[in-house]
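Undergrad: I would like the atomic coordinates for the input below:
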Amino acid sequence: MIDDILNELKADIAKAHESLKKSLSKIRTGRANADLLDGVRVDYWGTPTPIAQMANVSVPEARMIMIKVWDKANVKAVEKAIREADLGLNPQVDGEFLRLPMPPLTEERRKDLTKMARKAGEEGKVAIRKHRQDARGMLESLESDGDVGADDVDRALKKVDEIVQAGTHTVDEIITKKEKDIMEI
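TA: The predicted structure is shown next:
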């Protein structure tokens, strides 16, 4: 039972890391990244649709994202959705293609983006602490029900703290890497 709780904690922490990476992928760095457009939804015949389901998105060079819309009638809708997404990008329409040149980031904007990254990291740590609290609660209920001895629960609680500490250390590493990417010119 204790092993199941510890394995569940590890899985929950891994999910928190993946969620953090996904939210960080939407924060712009100096380089073009197709993941920037993951959160953008286009009004496609009344249905909010991700751009990846309506077009090919590619990164032909370091500072350019190319979008080839499959249905030419929706080029204007994709352009409008990108403008409204407030990504700081100015799409240029070229027939069925949209070009998204990545403007260089100012120092002030880079600092704002690193703050956003740190905030996302703190949210990831909060999620990990919540999972720790859940695991501790389950272990303590096992002890109070008499299913497991107090010594086993104490060892398991120490193991929980070790797992959580490793998880928060990984969050710090992920944030440090993202900050480095943002501040790189």
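
Undergrad: avg pLDDT for the helix or strand where residue 81 lies?
TA: Following DSSP states H and E, one finds residue 81 within helix 75-84. The average pLDDT within helix 75-84 is 87.

Undergrad: could you point out which element follows it?
TA: Next element after helix 75-84 (DSSP H and E): strand 92-94.

Undergrad: still on that earlier bit, how far does the helix holding residue 81 sit from its chain's centre?
TA: Helix 75-84 has its C-alpha centroid displaced from the chain centroid by 23 Å (Cα atoms, centre = their mean, to the nearest Å).

Undergrad: show residues contacting it.
TA: The contact list for helix 75-84 (Cβ atoms under 8 Å, 6 or more residues apart in numbering) reads 37, 40-44, 51, 54-55, 67, 69, 89-91, 93, 95-96, 98, 100. (Glycine included, C-beta is placed from N, CA and C.)

Undergrad: and those residues, which are buried?
TA: The neighbour-count test (16 or more other Cβ atoms under 10 Å) applied to the contacts of helix 75-84 identifies 37, 40-42, 44, 51, 54-55, 67, 69, 89, 91, 98, 100 as buried.

Undergrad: past the helix or strand that contains residue 43, which element shows up next along the chain?
TA: Secondary structure from DSSP H and E places residue 43 in strand 41-44. Downstream of strand 41-44, the next assigned helix or strand under DSSP H and E is strand 47-50.

Undergrad: run through who's touching that next one.
TA: Here strand 47-50 makes contact (Cβ under 8 Å, 6+ apart) with 37, 38, 40, 41, 42, 43.

Undergrad: ok, and the closest non-adjacent residue to residue 85?
TA: residue 40 (4.5 Å; Cβ to Cβ, 6 or more residues apart in numbering).

Undergrad: I figured the one you found hits residue 51, correct?
TA: Yes. Applying Cβ atoms under 8 Å, one finds residue 40 in contact with residue 51, separated by 5.6 Å.

Undergrad: that older thread, list the residues that contact the residue nearest to residue 85.
TA: By Cβ under 8 Å, 6+ apart, the residues touching residue 40 are 50, 51, 81, 82, 85, 87.

Undergrad: how about TSV for those, with distance to residue 177 added?
TA: Below are the contacts of residue 40 laid out as TSV (distance: Cβ to Cβ, whole Å):
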residue	distance to residue 177
50	26
51	26
81	29
82	27
85	25
87	21
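
Undergrad: ok, of those residues, which one's closest to residue 136?
TA: Of all these, residue 50 has the smallest distance to residue 136: 38.3 Å, by Cβ to Cβ.

Undergrad: the closest one - how many residues pack around it?
TA: Residue neighbour count, defined by other Cβ atoms under 10 Å, stands at 16 for residue 50.

Undergrad: how much space between it and residue 70?
TA: Going from residue 50 to residue 70 by Cβ to Cβ, to the nearest Å gives 13 Å.
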